[in-house]
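1. Give me a model of this one.
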Amino acid sequence: MWFFYALAFAVISSFSIIIAKKVMKDVDQYAYLLLVSIFTFPFLFLSSLAFYGIPRLDPGFWMPTITGTAISVLASLLVYKAIRESEISLVNPISSFNPVFTTIVSFIFLGEKLKFTDTLGILLIVLGAYFLQLSKSKEGLFAPFTALVNHKGVRLAIVAYLLWSITPAFEKTAILYTSPQNPPFAAFIGKTVAILLLVPVAWKKSITPIRKALVSWKWILLDGILGGLGISAAFIAYSLSPLGIATAVFKLSVIIVPVLGWLFFKEKGIKERLAGSFVMLLGENLQRKTHFVEVDAQQINSIIYKPIEIYTALAVFFIAICLPLNLLAYWFKNKYTRNLSEK
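-> As a prediction, this is how the structure comes out:
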């Protein structure tokens, strides 16, 4: 049963990206995320009442809920900006780098040894990323990587999916602290926290008047309904299966989104991007078999209630990995600009 919930989330989230891409031609990411969250709000509440009723929330519920939601809001804003400015068939497959981040952090900070499946998975993900811009190989052997790293939307997506790679553990823990366990209600509380966080951010940052944003209210309402159904399905899948297995099925969206981008927006390079997405998905699943296991509340608490170590590790990771990538992209961009001007 969990498989169908996980598959439903993969399909729903894929169509949600299509709607977001369409609407955000005229609406910025702050207004869009806030309105979608508001429209999602009642459907999550109704689904939690319809299937489970209102549960008791244990004291340990709030820390993972607030922390996970704050991280998810930041990641959502980044990825919506990437979707708004870039082709979705190029941005969405970047989510396959999540287990690579997990492997690197585990290797550097936890001293875990790399297994053969780790190495093979990383190589497949990197190879798939190369395929995403394979047509650029005519300009040089490393030109596909250069084109990918130079792409602002891809860089935003890398940061967003890095953040999202750690939120499932918080969400899983939040569910464990509801009694009886109620995945949709945990999602409902998380969405409530998200709206409270988004209101001041959207008020200050958004350049889209609410009246203009509401012109597309039918599409936003549809995305809100899909969002409510999708989040409920995801939380139910989390509660019925091991974390890594459910997440692996979620990632089928990596294959679905490029096809939808080609169908609805006539995005080019569908063959190379679909091939790249498939190879990256294979590599990602090899990684997940190694690094994701079933966890309980006591295990995750050892992480959640020691946030300084985690945030320090992430900060060092950003400095060690993301900053050099941006510098490398800047260097390649200047180099190729000079070469073109000389020609």
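2. all strands of the stretch 1-150 of the chain, in order?
-> If DSSP state E, counting those that start in this stretch is used as the criterion, the strands of the stretch 1-150 of the chain fall at 56-57.
3. Spell out the residue ranges of the helices in it.
-> Across the stretch 1-150 of the chain, reading from the start of the chain, the helices by DSSP state H, counting those that start in this stretch fall at 2-23, 29-51, 62-85, 88-91, 98-109, 116-132, 143-150.
4. Let me know the average pLDDT across the last one.
-> Pointing back at helix 143-150 there. The predicted model gives helix 143-150 an average pLDDT of 86.
5. swap in the fifth one?
-> Summarised as a single mean, pLDDT over helix 98-109 is 70.
6. The first one too?
-> Mean pLDDT, helix 2-23: 90.
7. can you pull the buried residues of stretch 47-60?
-> In terms of neighbour count (16 or more other CB atoms under 10 Å), stretch 47-60 has its buried residues at 47, 48, 52, 55, 57, 60. C-beta here means a position set from N, CA and C on the backbone, and glycine is covered the same way.
8. One more: stretch 182-202?
-> Buried-residue list, stretch 182-202, by 16+ other CB under 10 Å: 182-195, 197-198, 202.
9. Restricted to helices, list those.
-> With helices identified by DSSP state H, the entries of the buried residues of stretch 182-202 that belong to them are 183-195, 197-198, 202.
10. Out of the residues you listed, which comes closest to residue 222?
-> Of all those, the one with the least separation from residue 222 (CB to CB) is residue 191, at 16.8 Å.
11. My read is that the closest one contacts residue 43, right?
-> No: with contacts defined as CB atoms under 8 Å, residue 191 does not count as touching residue 43, sitting 9.6 Å away.
12. circling back to that earlier point, ranking the helices of the stretch 1-150 of the chain by burial, who's on top?
-> When neighbours are counted by mean count of other CB atoms under 10 Å, the highest per-stretch mean among these falls to helix 88-91, a mean of 25.
13. Just the C-alpha atoms of that helix, please, in PDB.
-> As requested, C-alpha coordinates have been extracted for helix 88-91 and formatted as PDB (Å, rounded to 0.1, in the frame of the first residue of the first chain):
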ATOM      1  CA  ILE A  88      12.400  22.400 -15.600                       C
ATOM      2  CA  SER A  89      13.900  19.400 -17.500                       C
ATOM      3  CA  LEU A  90      17.300  20.800 -16.500                       C
ATOM      4  CA  VAL A  91      16.600  21.800 -13.000                       C
END
